[in-house]
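Undergrad: Got a predicted structure plus its sequence, pasted below:
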Amino acid sequence: MKAKLGIAPIAWWNDDLAELSDDVSLEECLRQASGAGFTGMETGRRFPMDMAELGPILQKYGISVCGGWFSGLLLDGDIEVEKDRIAQQHTFFKAAKAPCIVYGETARSVQGIKSAPLATKPRLTEAEVAVYGRKISDFADWCAANGMPISYHHHMAAVIETEPELDLFMKHSTVPLLFDAGHMAFGGGDNLRVIENHWKRITHVHTKDVRMGVINGLDRTKESFLDAVVKGAFTVPGDGSLDFEAIVKALAGKGYEGWFVVEAEQDPKVSPPLEMAKKGHKELLRVMAAAGYEVVQ
């Protein structure tokens, strides 16, 4: 089985919290990621969405585009409007030969509101999930038919956060799933059970680690998702609380092949991005070998 190792630029520049950003250029970010051993990077705010401009820069550092975030609004929005909103990214990601667009539902989400406590996240009834699931399934089918699939990112402080919410969403949709170990653990879920239940739908993996000591100390009635980020809730594999050897072996056991992407937003002054990238890559190489993966470019 083959695996590719990527990283997200959120360790260098945080798109939600500018103060948690290193003052580095796109080229320096790519240089550091490449130096740490990664061959893929998801997009971020300093990426030009034009392969004529970006392509030569990526080639210089041996990096390819391994995904990127789209802030979806389908929960409350119109599918035709969302098709228009994603069109530029669709064109870019096809040109970049990316594996998918990461779909994050931001309608009603409080993930980017520093004053909104975690406990105020949106919640849906099963009937509402069923309506939402049909709508986003139609959107996902359209994206795939037009040459660029989406992978749905369950996310803290968003409408699909917890394991029961994900189970319900999977029941009422046909959307490919981005499995994020850190977000699921933060949401109180069992990562190995999620893999067992939904492995057939997993098309992209975020290897985000967590510091459970930080998470368990949060007051969710008062503190927000961004407060948790600032406190250091997230980190790279090998630096946190999750057993990535068990997680990766579970994915290998189900035949998952593709990208494993480190996505760990932290304060770069406290956790230097290059140092953390090297630590995460080293741990991923260890667990990939233990799980029987061949790491390829």
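TA: Good, I have the coordinates.
Undergrad: Name the nearest residue to the residue nearest the centre of the chain, ignoring sequence neighbours.
TA: The centroid of the chain falls nearest to residue 206 when counting by CA atoms, centre = their mean (5.0 Å). Distances taken as CB to CB, 6 or more residues apart in numbering put residue 180 closest to residue 206, at 4.0 Å, once the chain neighbours are dropped. To be clear about C-beta, it is placed using only N, CA and C from the backbone, and glycine gets the same treatment.
Undergrad: residues near that neighbour, how many?
TA: By other CB atoms under 10 Å, the residues close to residue 180 number 24.
Undergrad: Does it touch residue 158 like I think?
TA: No - counting by CB atoms under 8 Å, no contact exists between residue 180 and residue 158, whose distance comes to 11.3 Å.
Undergrad: I'd say the residue nearest to the centre of the chain and residue 184 touch.
TA: No - the criterion here is CB under 8 Å, and residue 206 misses it with residue 184 at 9.8 Å.
Undergrad: Could I get the full set of helices for the protein?
TA: With DSSP state H as the criterion, the chain has helices at 26-36, 51-61, 79-96, 126-145, 163-171, 181-186, 191-198, 212-216, 225-231, 244-253, 273-291.
Undergrad: and the third one, average pLDDT?
TA: Summarised as a single mean, pLDDT over helix 79-96 is 97.
Undergrad: just the shortest one next, same as before
TA: Predicted confidence along helix 212-216 averages 98 (mean pLDDT).
Undergrad: Does it pack against any helices or strands, and if so which?
TA: Applying 3 or more CB pairs under 8 Å, 6 or more residues apart in numbering; DSSP states H and E, we find helix 212-216 packed against helix 181-186, helix 225-231.
Undergrad: out of the ones you listed, nearest to residue 20?
TA: Proximity to residue 20, assessed across the helices and strands packed on helix 212-216 by CB to CB, is greatest for helix 225-231 (7.0 Å).
Undergrad: so who does the closest residue to residue 228 other than its chain neighbours touch?
TA: Spatial nearest neighbour of residue 228, chain neighbours left out: residue 218 (5.7 Å); criterion: CB to CB, 6+ apart. Under the criterion of CB atoms under 8 Å, 6 or more residues apart in numbering, the neighbours of residue 218 are 118, 227-228, 231, 233.
Undergrad: Beta-bridge partners for the residue nearest to the centre of the chain, please?
TA: residue 180, residue 261 (DSSP bridges).
Undergrad: Tell me the buried residues in stretch 73-92?
TA: By neighbour count on 16 or more other CB atoms under 10 Å, the buried set for stretch 73-92 is 73-75, 82, 85-86, 89-92.
Undergrad: just to revisit the earlier point, identify, out of the helices and strands packed on helix 212-216, the most deeply packed stretch.
TA: helix 181-186 (a mean of 26; mean count of other CB atoms under 10 Å).
Undergrad: Mind giving me the packing neighbours of that one?
TA: Applying 3+ CB pairs under 8 Å, 6+ apart, one finds that helix 181-186 contacts helix 191-198, strand 202-206, strand 209-210, helix 212-216.
Undergrad: redo that, cut-off 6 Å
TA: helix 191-198, strand 209-210 (3 or more CB pairs under 6 Å, 6 or more residues apart in numbering; DSSP states H and E).
Undergrad: Run through the protein and note the low-pLDDT ranges.
TA: Of all residues in the chain, none has pLDDT under 70.
Undergrad: picking that back up, for the contacts of residue 218, work out which two are farthest apart.
TA: The span of the contacts of residue 218, defined through CB to CB, is set by 118 and 231 at 12.1 Å.
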